[in-house]
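Undergrad: please find the sequence and the predicted model below.
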Amino acid sequence: MAAALFAVISALANFPILDTMFGATSQEAFQVASALTARQIDRYRSMVFVDFFYAVAYTALFVSVLRLFRLFRPWAMVLRKIGAITAVRAGIFDWVENSAILLVLSALPEKSWVIGILGPATTVKWTAVAVTVVIIAVLAITRRGEP
């Protein structure tokens, strides 16, 4: 699922984007950002503004799907809570990542101090999305035998 999202996002931008650079160092992120043209920077800013809303939408969707499960097993109830917390964490780190990207783009051609948090924020966000999807899948599979 995360790989599919990565492919879709990368296809929308015909230039390298910071949103998908897992664990990137500040130097790697700066190399990508500083190679963008003025037109690409403007387009990227627009994409990031849209992504703020997308983060809210996917977080709400994940939490809503998790709330749909009527669970009778105690471990499943705990797993559902963990999934909701992880979904919210993904949304929060997406907002952190988006804010950092906007600051980095605004500072170009200089290197912004905030560029160092991009790699970790991106990694935490995508890991949280993947964990949430796995939790939803586990709950859906184990729910089959319940009334």
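TA: Received the coordinates, thanks. Residues are numbered from 1 along each chain as shown.

Undergrad: show me where pLDDT drops low in the chain?
TA: Residue ranges of the chain with pLDDT under 70: 1-13, 144-147.

Undergrad: now do 80
TA: Residues of the chain meeting the criterion pLDDT under 80: 1-14, 70-73, 143-147.

Undergrad: what's the longest helix in it?
TA: Taking residue count as the measure and DSSP state H as the definition, the longest helix of the chain comes out as helix 74-107.

Undergrad: buried residues in it, which are they?
TA: Buried residues in helix 74-107, defined by neighbour count with 16 or more other C-beta atoms under 10 Å: 76, 79-80, 83-84, 86-98, 100-102, 104-105. From N, CA and C alone the C-beta is placed, and that goes for glycine too.

Undergrad: now do it: distance to the chain's middle.
TA: Relative to its parent chain, helix 74-107 has a centroid offset of 7 Å by C-alpha atoms, centre = their mean, to the nearest Å.

Undergrad: next SSE downstream of that helix?
TA: Under the assignment DSSP states H and E, the closest C-terminal helix or strand after helix 74-107 is helix 118-143.

Undergrad: the residue nearest the centre of the chain and residue 20, how far apart?
TA: For the chain, the residue nearest the mean C-alpha position is residue 125 (4.1 Å; C-alpha atoms, centre = their mean). From residue 125 across to residue 20, the span is 10 Å (C-beta to C-beta, to the nearest Å).

Undergrad: surely residue 25 and residue 119 touch.
TA: Yes - in this structure residue 25 lies within contact range of residue 119 using C-beta atoms under 8 Å: 6.2 Å.

Undergrad: which one's more surrounded, these two?
TA: Regarding residue 25 and residue 119, a neighbour count based on other C-beta atoms under 10 Å identifies residue 119 as having more, with 19 against 13.
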